[in-house]
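**Student:** please work out how this folds:
(4 chains)
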Number of protein chains: 2
Amino acid sequence: MKKKQFKTLYPRNIETVNGRPLDYCGIRCSMEVLGGKWKLLIVAELFKNKKRYSELKRSIPEISEKMLISSLQELEHHNIVVRTVVEAIPPQVEYSLSKYGQSVRPVLETLFGWGESHIKKHSDKIFH
Amino acid sequence: MKKKQFKTLYPRNIETVNGRPLDYCGIRCSMEVLGGKWKLLIVAELFKNKKRYSELKRSIPEISEKMLISSLQELEHHNIVVRTVVEAIPPQVEYSLSKYGQSVRPVLETLFGWGESHIKKHSDKIFH
DNA sequence: ATACCTACTTACTAAAATGTTAGTGCCCTA
DNA sequence: TAGGGCACTAACATTTTAGTAAGTAGGTAT
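**Tutor:** Numbering: from 1, shown residues only, chains lettered A, B, ... in the order given. Below you'll find the predicted structure:
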């Protein structure tokens, strides 16, 4: 078994922070950790409640198992979600937000809010 | 000349909004309009000041011309940036945030803030 | 005459992200 | 004993995104 490789955090050295405007690094870092098609949706689900793997699958039926598991693993790697194995038959694995994961809430809310109002603003164009 | 195709706004029909939790659509929409490697960085630059094409290029030297122009065009398409041609020699094209574009500020700030604090929190791990 | 400036466009390539399909081992139920 | 739920993993294919390199056209500076 080879170890999973996760992306290293942007930036790689402190000079990058000083050499570039900080916003550049901050935004990039957020995108690296929370970006991608599914991660924030998973986090949103976990804000509602901790969920088992199969419950998450049912909550977000469009996601493939590969993306679900790899997103969860990356989020766990970044200490945003916590994976708990419950000894039971059949096996149960629970995913929940870590304390640190709670800090993602404002990101989620702002993005959700902006997108929602964007949809409303343009709903006439979309739905003619 | 064929017309540029821009992604249609998520979701495509109103049922999707009702059929899924709203956060799903809101987040997806935000990602569709503001996502990608460069768009938010460009918007961040334009929050500092309106800038000419070549100034943007200098501000974000890592970006390729292709990505710069296509990001700008998509942002213009979504009415977030405004493109103004200044009749002059050599030609000048100014890009600035639209009024609507100003509404992106909280998104930018939250993402920047979270990423920045994430970098700080993990700076020991990154830079040991 | 040559090179460079401006703001782009086009064609092509490479890399990254995501999707598909099948399979694992354990146990349970019909 | 056949099939299904559970929580995954692995190999491979496809799609999406981003990067590279060259070209355009009018003008200026050397």
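**Student:** now the residue nearest to the spatial centre of chain A: closest residue in space that isn't a chain neighbour?
**Tutor:** Nearest to the geometric centre of chain A sits A:Lys39, at 2.9 Å (CA atoms, centre = their mean). Residue nearest to A:Lys39 in three dimensions, not counting chain neighbours: A:Ser71, with 5.0 Å by CB to CB, 6 or more residues apart in numbering or on different chains. All C-beta spots, glycine's among them, are computed from the backbone N, C-alpha and C.
**Student:** relative to A:Glu55, how far out is the residue nearest to the centre of chain A?
**Tutor:** Look at A:Lys39 and A:Glu55: by CB to CB, to the nearest Å, they are 17 Å apart.
**Student:** and if you look at A:Ile27?
**Tutor:** Taken as CB to CB, the span from A:Ile27 to A:Glu55 is 32 Å.
**Student:** between the two, which one's more packed in?
**Tutor:** Neighbour count, other CB atoms under 10 Å in any protein chain shown: between A:Ile27 and A:Glu55, A:Ile27 has more, with 26 against 14.
**Student:** does that one really touch B:Leu40, like I thought?
**Tutor:** Yes - using CB atoms under 8 Å, A:Ile27 makes contact with B:Leu40 at a distance of 5.2 Å.
**Student:** hey, what's in contact with both of those two?
**Tutor:** By the contact definition CB atoms under 8 Å, 6 or more residues apart in numbering or on different chains, A:Ile27 and B:Leu40 are jointly contacted by B:Leu108, B:Leu111.
**Student:** any idea how far apart the tips of stretch A:40-54 sit?
**Tutor:** Distance across stretch A:40-54, first residue to last, is 18 Å (CA to CA, to the nearest Å).
**Student:** hang on, the earlier thing: next up, the contacts around the residue nearest to A:Lys39.
**Tutor:** If you count contacts by CB under 8 Å, 6+ apart, A:Ser71 has them with A:Gly36, A:Trp38, A:Lys39, A:Ile42, A:Ile63.
**Student:** that's all I had, so thanks and see you.
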